[in-house]
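can't give you the sequence, but here's the structure:
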């Protein structure tokens with residue numbers, strides 16, 4: 001069991017800090033604008049999440065104690081990560097489609113060479129619907 005002197009040592013070693021009202025309001029403003037989450041603010045300023053929530057309840061116009069709301073919406077850094085991941089996925093899809101397109105073009109070229117028939121239409125050419133003759137003529 002810890003003695004009183006050991007407790008005082010650990011208590012004295014803790015950093016007792018106070019933040020100005022201006023800094024607290026700035027943190028709350030960042031949370032309201034989704035630039036920072038409560039967890040991120042807690043880590044960045046080395047303050048407990050409980051303290052951050054107290055600041056939010058005191059200085060926020062959006063979040064008041066007693067109202068049930070989500071205090072920790074997705075921060076902008078999380079949104080950026082999510083969007084970068086989505087861009088990566090879409091780039092992979094575009095890459096696969098480009099490979100397919102190149103494959104199909106090459107297959108058409110090879111078929112044209114083997115068959116001696118023009119398969120793909122040139123830009124500006126008219127559609128042909130056959131010879132225009134039927135069996136009844």
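That came through fine. Nothing here was measured: the structure is a model prediction, and the numbers come from that model.

so where's the protein uncertain?
1-16, 63-76, 123-137 (pLDDT under 70).

domains of it?
Per automatic domain parsing, the structural domains of the chain span 17-73, 77-119.

so of those, which one's packed in deepest?
Among the domains of the chain, domain 17-73 has the highest mean neighbour count (mean count of other C-beta atoms under 10 Å), at a mean of 14. For every residue, glycine as well, the C-beta is placed using N, CA and C.

Tell me how far residue 29 lies from residue 79.
To residue 79, residue 29 is 18 Å away according to C-beta to C-beta, to the nearest Å.

For residue 82, give its distance to residue 32.
20 Å.

Check residue 58 too.
13 Å.

Then residue 118?
In terms of C-beta to C-beta, residue 118 sits 64 Å off from residue 32.

Which parts of the chain are helices?
Taking DSSP state H to define them, one finds helices in the chain at 4-13, 21-32, 38-45, 49-59, 76-115.

Let me have these in CSV, adding distance to residue 122 as columns.
Output for these, formatted as CSV (distance: least, C-beta to C-beta, whole Å):
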stretch, distance to residue 122
helix 4-13, 82
helix 21-32, 59
helix 38-45, 58
helix 49-59, 66
helix 76-115, 12
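
and residue 22, what does it touch?
Residues near residue 22 by C-beta atoms under 8 Å, 6 or more residues apart in numbering: none.

Actually, residue 31.
Contacts of residue 31 (C-beta under 8 Å, 6+ apart): 37-38, 41, 52, 56, 60, 71.

Considering these, which is situated nearest to residue 104?
Closest approach between these and residue 104, by C-beta to C-beta: residue 37, at 46.7 Å.
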